[in-house]
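> Next comes the sequence, and after it the predicted model I'd like to discuss.
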Amino acid sequence: MPYAKTEDGARIAYQPVGDGPPLVLLAGQANSHHWWDGLREDFHGARSTVTLDYRGTGDSDEPQTPCSTRQFARDVIAVLDELGADRADVYGTSMGGRVAQWVAVDHPDRVRRLVLGCTSPGGPHAVDSADDVRRSLAQPDPTEARRALLDLMYTPDWLAHHPGPYGTLGDSGMSARARRGHLAASRQHDAWDALPGITAPTLVLHGTDDRLNPAANAPLLADRIPGARLRLIPGARHAYFEEFRAVAAPLVLDFLDG
């Protein structure tokens, strides 16, 4: 397992696959690189893919300081440095989209093209999930909470034909401390003032039926980032990239090849 070492000494596990210019794939909150299992192959051919385990997930070190999406972005740069990659395309989904915003803001010379999926700008300008959504995920019965999360990620028809396992429901090996750190990182994210400084060509993707991270955040991002393109996927929930991969992956590839 290759590791990159950050400036503060943390080891970040990463997983490069394939040949060609790199595409960095960033997972959602409290998830490891397994978020992209079975999906990254869609991007192979003309490019390689690079995933990583956030601090506290997979084979990476436990966080020793408070987590933030900006810290996770610095970890992405550490991985690119270890790979010797001067530039990369970056595709972040959910919390990974928040991380990707900071990668593009703080390191514009390292990002060729940027894709932001099912994510938000954070802060007071973002559209939060409804109270009933938050209550459904916070209920004490873990079975019911898992069922609620599945309903937010996928449509009932897709779930009926895909019994799992699912790679998007969180890293079961995470410590409670790390899980709280990821939640805080997502909640405290606010890149609104910095978004107009993104210079990389940007594509914003979102499912129209996403209630976990409401679709109303997509036009906010697209309007705030100069020249950004917006594509909405009808009927898709939060995990549009998996359930609607036949639509989403070509959109991303066309944009990256554009």
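That came in fine, so what should we check first?

> Residue 196 is in contact with residue 121, correct?
No. Using C-beta atoms under 8 Å, residue 121 makes no contact with residue 196, being 10.9 Å away. C-betas here are computed from N, CA, C, even on glycine.

> of the two, who's got more company?
Between residue 121 and residue 196, residue 121 has the larger neighbour count (other C-beta atoms under 10 Å), namely 24 against 11.

> ok, back up a step: what do residue 121 and residue 196 both touch?
Shared contacts of residue 121 and residue 196, defined by C-beta atoms under 8 Å, 6 or more residues apart in numbering, comprise residue 224.

> Who are the contact partners of residue 9?
Neighbours of residue 9 in contact, by C-beta under 8 Å, 6+ apart: none.

> For it, what are phi and psi?
Backbone torsions for residue 9, taken as degrees, to the nearest 10, come to phi 90, psi 0.

> Roughly how far does it sit from residue 61?
As judged by C-beta to C-beta, to the nearest Å, residue 9 and residue 61 stand 8 Å apart.

> The top helix by length along the chain: which residues count as buried?
Longest helix in the chain by number of residues (criterion: DSSP state H): helix 69-83. By neighbour count on 16 or more other C-beta atoms under 10 Å, the buried set for helix 69-83 is 69-80, 82-83.

> Run the angle between the host helix or strand of residue 24 and helix 69-83 for me.
Using DSSP states H and E, residue 24 maps to strand 22-26. Per axes from the mean of the first three to the mean of the last three C-alpha atoms, to 10 degrees, the angle that strand 22-26 makes with helix 69-83 is 150 degrees.

> Now do strand 22-26: distance to the chain's middle.
10 Å (C-alpha atoms, centre = their mean, to the nearest Å).

> ok, now stretch 3-10?
On C-alpha atoms, centre = their mean, the centre of stretch 3-10 falls 21 Å from the chain's centre.

> Which residue, neighbours along the chain excluded, lies closest to residue 26?
Nearest residue to residue 26 in three dimensions, chain neighbours excluded: residue 96, at 3.0 Å (C-beta to C-beta, 6 or more residues apart in numbering).

> Are we agreed that that neighbour is in a strand?
No. Using DSSP: H, G, I helix; E, B strand; the rest coil, the assignment for residue 96 is helix, not a strand.

> count of neighbours near it?
31.

> mind listing what residue 162 touches?
Residues in contact with residue 162, defined by C-beta under 8 Å, 6+ apart, are residue 154.

> Quick check: phi and psi at it.
phi -140, psi 90.

> now the strands: where do they sit in the stretch 151-258 of the chain?
202-207, 229-233 (DSSP state E, counting those that start in this stretch).

> Just the pLDDT at residue 45, thanks.
The per-residue pLDDT reported for residue 45 equals 89.

> Would you mind listing the residues in contact with it?
Here residue 45 is in contact with residue 20 (C-beta under 8 Å, 6+ apart).

> In three-state terms, how would it be classified?
coil.

> How much space separates it from residue 1?
Distance, residue 45 to residue 1, by C-beta to C-beta: 25 Å.

> swap in residue 191?
31 Å.

> At which residues are the helices of the stretch 1-150 of the chain located?
Along the stretch 1-150 of the chain, counting by DSSP state H, counting those that start in this stretch, helices occupy 69-83, 95-106, 131-138, 142-153.

> Residue 170: which of these is closest?
Nearest of the helices of the stretch 1-150 of the chain to residue 170, taken as C-beta to C-beta: helix 142-153 at 8.1 Å.

> quick one, which of the helices of the stretch 1-150 of the chain is nearest to residue 181?
Closest of the helices of the stretch 1-150 of the chain to residue 181 is helix 69-83, at 9.8 Å (criterion: C-beta to C-beta).

> Good, we can wrap up now.
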